[in-house]
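A.B. asks: give the three-dimensional model of this entry:
(chains A, B, C and D)
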There are 2 protein chains.
Amino acid sequence: MGRGKVTLKRIENQINRQVTFSKRRSGLLKKSHEISVLCDADVALIVFSTKGKLSEYATNSSMERILERYERHSYAETQHTSTNIESQEISPLDQVKLKARFELLQNRERHLMGEGLDSLSLKEIQSLEQQVDTGLKHIRLRKNQLMLGTISQLQKKIKEKEKQGTQHELEQQTNDMMPAFHVGMLSNRHGNLRLACLIRSDTFQAGGDGEVEENPRSQPATVIPPWMVQHMTNK
Amino acid sequence: MGRGKVTLKRIENQINRQVTFSKRRSGLLKKSHEISVLCDADVALIVFSTKGKLSEYATNSSMERILERYERHSYAETQHTSTNIESQEISPLDQVKLKARFELLQNRERHLMGEGLDSLSLKEIQSLEQQVDTGLKHIRLRKNQLMLGTISQLQKKIKEKEKQGTQHELEQQTNDMMPAFHVGMLSNRHGNLRLACLIRSDTFQAGGDGEVEENPRSQPATVIPPWMVQHMTNK
DNA sequence: GAGCCTATGTATAATTG
DNA sequence: TCAATTATACATAGGCT
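C.D. replies: The predicted model follows:
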């Protein structure tokens, strides 16, 4: 579309970015409406511009209903991990405390993500930088670990294949392995499902065949769509 | 597209509808991601198929954050019409939700700090790395800003002193300045956490320069777009 | 924001294997 | 029958006015 291929990178020119945003936003709203009508789907789209202006679309203009439906899905996933202690009453005092702590936590999260920093002093910023920097190192360590694990797994598989397959077969199967590999790597553990609500990047469904009726507990098919892979690796 | 103009009407053929849904959905996810990256926008997209299968996209994979931001917005708009909710009791259901979200937030914080990463998949780790890396850049930007501000303030003071003061007085006061400056930066205003349907919170306003961020009272783009009017009147 | 021009992207039908 | 591929007819959006 337009002139020239789209490079998936933030548009630096402020004017162009604004214009493109405006055009793409209306395109997105339109398409959301179309899929909603054509395919009888429930769609909710929320868009905040850089400046914080809100645009939204929701099937039947009922955003609340769809968001509720969404939360039902997400909570259903966390349900079985939490014990029944959850349903106990909370005293009014605790409510206040909980609210306060909640607010603190929220602020903390924003700060860790580099948002809302204006209220912090230089000292606080420096401390924050230190913490995030250390955290990032840990994250990268873990990533490395995962990747190396994957690589050695793959190498093992290939060696197994080499022992029995002809050269031709081997090439075949090496290529076939990639999708399988993704599924393997991404199908996430049930160890900690709580995160599922926050980081749900794993929900791009690939081709819809055997549909499962409204069953949030089933792990979604987790193949990264090609366009996203491209972007993730292109940085 | 395809053969023949698209008629905005539910596709009756069940197979075609499913295929079209699948394709359009991936298109929508792609475009959502694109506008998010290209235009630096916060996007949340939720799609339920006819059969109830959920697909979603959220900028930075943080659906919770965006939905919260959304609720903050819409809540602020209706705020003046509703009574003061602050002191109201929290319903048992909301208590459960609050607790669940609290746990999510805690987990999230740990992850951002590089702890408890074992439960994350490679893809989640990559997304996390991306977010923390970006956040760290913001933090360093802000730190720089603060330091430069401090420096120029100091220089200004020094020049003033040079015009009248002796060398000795100057050194005294330069040292005294640092704490005073920090106190100034720390004074922040916190909004209150509110609880209406779920939990909402007001962000602190950007304290410093002319940030426009988040003006909930201004009406969002609620003018019905032409393509929608067309459909509404065409049935 | 609207309108024009046009290179590209996409949705669907047609075809193939 | 059905997944995969190709062809076609639009739709989209970038750069410009």
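A.B. asks: so A:V47: helix, strand or coil?
C.D. replies: The three-state label given to A:V47 by DSSP: H, G, I helix; E, B strand; the rest coil is strand.
A.B. asks: any idea how far DNA strand D is from the nearest residue to it once chain neighbours are set aside?
C.D. replies: Nearest residue to A:V47 in three dimensions, chain neighbours excluded: A:S55, at 4.6 Å (C-beta to C-beta, 6 or more residues apart in numbering or on different chains). C-beta here means a position set from N, CA and C on the backbone, and glycine is covered the same way. Distance from A:S55 to DNA strand D, counting by C-beta to the nearest atom of the strand, to the nearest Å: 13 Å.
A.B. asks: what about A:S55, how many neighbours?
C.D. replies: 20 (other C-beta atoms under 10 Å in any protein chain shown).
A.B. asks: that one belongs to a helix, doesn't it?
C.D. replies: No: according to three-state DSSP, A:S55 belongs to no helix; its state is strand.
A.B. asks: what pLDDT does it get?
C.D. replies: Listed pLDDT for A:S55 reads 93.
A.B. asks: any idea how far B:Q95 is from it?
C.D. replies: 33 Å (C-beta to C-beta, to the nearest Å).
A.B. asks: picking up where we left off before, what about the residue nearest to A:V47, distance to DNA strand C?
C.D. replies: Applying C-beta to the nearest atom of the strand, the value for A:S55 to DNA strand C is 9 Å.
A.B. asks: burial count for A:N13?
C.D. replies: Residues lying near A:N13 (other C-beta under 10 Å) number 9.
A.B. asks: repeat that for the one 5 residues further on.
C.D. replies: Neighbourhood size, A:Q18 [other C-beta under 10 Å]: 15.
A.B. asks: check it and give its pLDDT.
C.D. replies: So, for A:Q18, pLDDT stands at 88.
A.B. asks: again, but for A:L67
C.D. replies: 90.
A.B. asks: report the contact partners of it.
C.D. replies: Counting by C-beta atoms under 8 Å, 6 or more residues apart in numbering or on different chains, A:L67 makes contact with A:A44, B:I46, B:L67, B:Y70.
A.B. asks: hang on, it in a strand?
C.D. replies: No: if the criterion is three-state DSSP, then A:L67 is helix and not within a strand.
A.B. asks: which positions in chain A make contact with DNA strand D?
C.D. replies: Within chain A, the positions adjacent to DNA strand D are A:1-4, A:6, A:16, A:19-20, A:23-24, A:26-28, A:30-31, A:207, A:209 by C-beta under 7 Å from any atom of the strand.
A.B. asks: identify the residues contacting the helix or strand that A:S26 is a member of?
C.D. replies: According to DSSP states H and E, A:S26 maps onto helix A:14-38. Residues from elsewhere that reach helix A:14-38 (C-beta under 8 Å, 6+ apart): A:10-11, A:41-43, A:45, A:47, A:49-50, A:55, A:57, A:59, B:6, B:8-11, B:17, B:20-21, B:24-25, B:27-28, B:31-32, B:34-35, B:38-41, B:45, B:47, B:225, B:227-228, B:231.
A.B. asks: swap the cut-off to 6 Å and go again
C.D. replies: Helix A:14-38 is touched from outside by A:11, A:41, A:43, A:45, A:47, A:49, A:55, A:57, A:59, B:8, B:11, B:24, B:28, B:31, B:35, B:39, B:227, with contacts defined as C-beta atoms under 6 Å, 6 or more residues apart in numbering or on different chains.
A.B. asks: any of these buried? List them.
C.D. replies: Among the contacts of helix A:14-38, those classed as buried by 16 or more other C-beta atoms under 10 Å in any protein chain shown are A:11, A:41, A:43, A:45, A:47, A:49, A:55, A:57, A:59, B:8, B:11, B:24, B:28, B:31, B:35, B:39.
A.B. asks: where does confidence bottom out across those?
C.D. replies: Lowest pLDDT among the buried ones among the contacts of helix A:14-38: B:L8, with 75.
A.B. asks: from A:L67, how far off is A:V37?
C.D. replies: Using C-beta to C-beta, one obtains 20 Å as the distance from A:V37 to A:L67.
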